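Undergrad: Predicted model and sequence follow; I will ask about them next.
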Protein chains: 2
Amino acid sequence: MHAGTTLARPSFKEQMLAAREEAIITAVNRLLAEKGFDAMTVDEVAAAVGIAKASLYKHFTSKEELAAAAMVRVLSRAQLFLDTVSSGLPPLDKLRAVVRWTLDLQLAGQMPALPSQNSSLRAVLLASRDYMDKLMAISDRLGGWIEAAQREGSINPQLPALAVLYTLYARGCHPVLGFLKAGGQHSDEQIAELVLGTCFDGLRAR
Amino acid sequence: MHAGTTLARPSFKEQMLAAREEAIITAVNRLLAEKGFDAMTVDEVAAAVGIAKASLYKHFTSKEELAAAAMVRVLSRAQLFLDTVSSGLPPLDKLRAVVRWTLDLQLAGQMPALPSQNSSLRAVLLASRDYMDKLMAISDRLGGWIEAAQREGSINPQLPALAVLYTLYARGCHPVLGFLKAGGQHSDEQIAELVLGTCFDGLRAR
DNA sequence: GTCTATAAATAGATAGAC
DNA sequence: GTCTATCTATTTATAGAC
């Protein structure tokens, strides 16, 4: 939130500040993954970080800003991951890799739940330049890969590209992962591969 | 909640009571679909029904009971729908019909959102005989159809039947529907067919 | 910036008259 | 059973000392 990224080398104090805010966001991120925005309380966040609630409000001006920071960080990490996806890969494999990344994040309990349609968080996110810019940038890159995959015939060309994009995003909050994990019958690796398979190949036999 | 289903013919008063409770559950159902359990308030429910909050508590003992009643009603309706699915249909088509039913419910804004992992509602549902019995009964019937479909080779036999079941359930809270609907590019019918297609056939070309 | 203490608003739930 | 009025606990957010 504070400008820790000036051009000059960050001072020790600034580094401490940045580290603390990282810790805050990490706690928020976990709580958002566990119980979602509405059920998460600022008291819990403060307790998890180990600081007073009032101190939290020196860093972030509201509960919504707190959550938004976590959402932005996830998007930033997604962008970093996109950068690591080999450009030589066929577009379908790139998309697979991205979905796999979101599944791993979920299995690690680090995927914040999407705000519900009517949440106060939603309005803040839609108004956040940072969040929307990152979301657009990610969507553009994925959209390019989707269309390339459709041109080469590896993704069903009859599907609207937007529908494909949303379907990929939806994997980020797929409750199936939690159910299967709670069942205890499968390893995380097996679960991820299962869901990845049903996403791209469907339930029907091929 | 109250026993409106005695063996004797229900009196006028009992019918009024049942109708009121139906109206309450309908309002709760819509609110659960719109914003989920955590964000829904009892005040909103009372306002939507047009009665005082205290009156609500004469019918249902807590917010959780209120929501549970709505969840149970959805399961009851699902059971009724299962009964109407022609027994002559191939198992894959039966499963398709069920998913289609849940998609229609969602598009109508009448599918209550699943409680988050850590919600107080979750505990109440797990402890509710009514809810769990219905859920088990539905799961058993769907499980039978899934296994039959796998035996005849129309559903991928390599997938664990439970994974298939959860995947079907997950369609009941698929955020893609909301996104596509908000986009305004497609009719409800098109959206339902799109999601149905990606569920059974996957994103990849066939 | 961090803390303790508290304000202000809202939530779920209940009392008691009718 | 329905209402108004109220209680109690919780929650977001802030004041003010250090």
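TA: In hand now; what should we look at?

Undergrad: And the helices in chain A?
TA: A:12-39, A:42-49, A:53-59, A:63-84, A:91-107, A:120-127, A:129-151, A:161-170, A:175-183, A:188-201 (DSSP state H).

Undergrad: Reformat those as JSON lines; add mean pLDDT, mean neighbour count and distance to residue B:162.
TA: Every residue, glycine included, has its C-beta placed from N, CA and C. As requested, the helices of chain A are arranged in JSON lines below (pLDDT from 0 to 100; neighbours: other Cβ atoms under 10 Å in any protein chain shown; distance: least, Cβ to Cβ, whole Å):
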{"stretch": "helix A:12-39", "mean pLDDT": "94", "mean neighbour count": "18", "distance to residue B:162": "23"}
{"stretch": "helix A:42-49", "mean pLDDT": "98", "mean neighbour count": "16", "distance to residue B:162": "33"}
{"stretch": "helix A:53-59", "mean pLDDT": "97", "mean neighbour count": "14", "distance to residue B:162": "41"}
{"stretch": "helix A:63-84", "mean pLDDT": "98", "mean neighbour count": "18", "distance to residue B:162": "29"}
{"stretch": "helix A:91-107", "mean pLDDT": "98", "mean neighbour count": "20", "distance to residue B:162": "17"}
{"stretch": "helix A:120-127", "mean pLDDT": "95", "mean neighbour count": "16", "distance to residue B:162": "33"}
{"stretch": "helix A:129-151", "mean pLDDT": "98", "mean neighbour count": "16", "distance to residue B:162": "30"}
{"stretch": "helix A:161-170", "mean pLDDT": "96", "mean neighbour count": "21", "distance to residue B:162": "20"}
{"stretch": "helix A:175-183", "mean pLDDT": "94", "mean neighbour count": "18", "distance to residue B:162": "7"}
{"stretch": "helix A:188-201", "mean pLDDT": "97", "mean neighbour count": "18", "distance to residue B:162": "10"}
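
Undergrad: Quick one: closest of the ones you listed to residue B:131.
TA: Residue B:131 lies closest, by Cβ to Cβ, to one member of the helices of chain A: helix A:175-183, at 16.1 Å.

Undergrad: what residue lies at the spatial centre of chain A?
TA: residue A:74 (4.3 Å; Cα atoms, centre = their mean).

Undergrad: How many residues are close by the residue lying closest to it once chain neighbours are set aside?
TA: Once flanking residues are discounted, residue A:74 sits nearest to residue A:112: 6.2 Å by Cβ to Cβ, 6 or more residues apart in numbering or on different chains. The number of residues packed near residue A:112 is 24, by other Cβ atoms under 10 Å in any protein chain shown.

Undergrad: what pLDDT does residue A:112 get?
TA: For residue A:112, the pLDDT comes out at 96.

Undergrad: Would you confirm that it contacts residue A:69?
TA: No. Contact criterion Cβ atoms under 8 Å: residue A:112 and residue A:69 do not qualify, at 10.6 Å.

Undergrad: Spit out the residues that contact the two alike.
TA: Here residue A:112 and residue A:69 share the contacting residues residue A:28, scored by Cβ atoms under 8 Å, 6 or more residues apart in numbering or on different chains.

Undergrad: Using a markdown table, lay out the helices of chain A together with distance to residue B:138.
TA: Formatted as a markdown table, the helices of chain A follow (distance: least, Cβ to Cβ, whole Å):
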| stretch | distance to residue B:138 |
| --- | --- |
| helix A:12-39 | 25 |
| helix A:42-49 | 35 |
| helix A:53-59 | 44 |
| helix A:63-84 | 34 |
| helix A:91-107 | 26 |
| helix A:120-127 | 32 |
| helix A:129-151 | 35 |
| helix A:161-170 | 23 |
| helix A:175-183 | 15 |
| helix A:188-201 | 20 |
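
Undergrad: how about those helices, which one is nearest residue B:121?
TA: Nearest to residue B:121, of those and by Cβ to Cβ, is helix A:12-39 at 10.1 Å.

Undergrad: Just give me the neighbour total for the closest residue to residue A:173 other than its chain neighbours.
TA: Nearest in space to residue A:173, with sequence neighbours left out and distances taken as Cβ to Cβ, 6+ apart, is residue A:114 at 5.3 Å. Neighbour count of residue A:114, defined by other Cβ under 10 Å: 20.

Undergrad: for DNA strand D, what are the nearby residues on chain A?
TA: Contacts of chain A with DNA strand D, taken as Cβ under 7 Å from any atom of the strand, map to A:40, A:41, A:42, A:43, A:53, A:54, A:57, A:61, A:62, A:63, A:64.

Undergrad: what residues are up against the third one?
TA: When contacts are counted by Cβ under 8 Å, 6+ apart, residue A:42 is found next to A:53, A:56, A:63, A:66.

Undergrad: For the residue nearest to residue A:74, what are phi and psi?
TA: phi -60, psi 140 (degrees, to the nearest 10).

Undergrad: how near is it to residue B:89?
TA: Going from residue A:112 to residue B:89 by Cβ to Cβ, to the nearest Å gives 41 Å.

Undergrad: next one: residue A:18
TA: 60 Å.

Undergrad: ditto for residue A:8
TA: According to Cβ to Cβ, residue A:8 stands 71 Å off from residue B:89.

Undergrad: who has more neighbours, the two?
TA: residue B:89 (13 against 6).

Undergrad: quick one: contacts for the more buried one?
TA: Residues near residue B:89 by Cβ under 8 Å, 6+ apart: residue B:97.

Undergrad: how close does it get to DNA strand C?
TA: 42 Å (Cβ to the nearest atom of the strand, to the nearest Å).

Undergrad: now residue A:206
TA: Between residue A:206 and DNA strand C the computed distance is 47 Å (Cβ to the nearest atom of the strand).

Undergrad: Can you name the residues that contact that residue?
TA: Residue A:206 neighbours (Cβ under 8 Å, 6+ apart): B:156, B:206.

Undergrad: Quick check: the gap between the closest residue in space to residue A:194 that isn't next to it in sequence and DNA strand C.
TA: Spatial nearest neighbour of residue A:194, excluding adjacent residues (Cβ to Cβ, 6+ apart): residue B:163 at 5.3 Å. Counting by Cβ to the nearest atom of the strand, the separation of residue B:163 from DNA strand C is 35 Å.

Undergrad: Thought residue A:203 was touching residue B:163, still the case?
TA: No. Contact criterion Cβ under 8 Å: residue B:163 and residue A:203 do not qualify, at 9.1 Å.

Undergrad: What confidence value was assigned to residue A:11?
TA: For residue A:11, pLDDT reads 85.

Undergrad: Can you give me the neighbour number for it?
TA: Residues near residue A:11, counting by other Cβ under 10 Å: 11.

Undergrad: No further questions, thank you.
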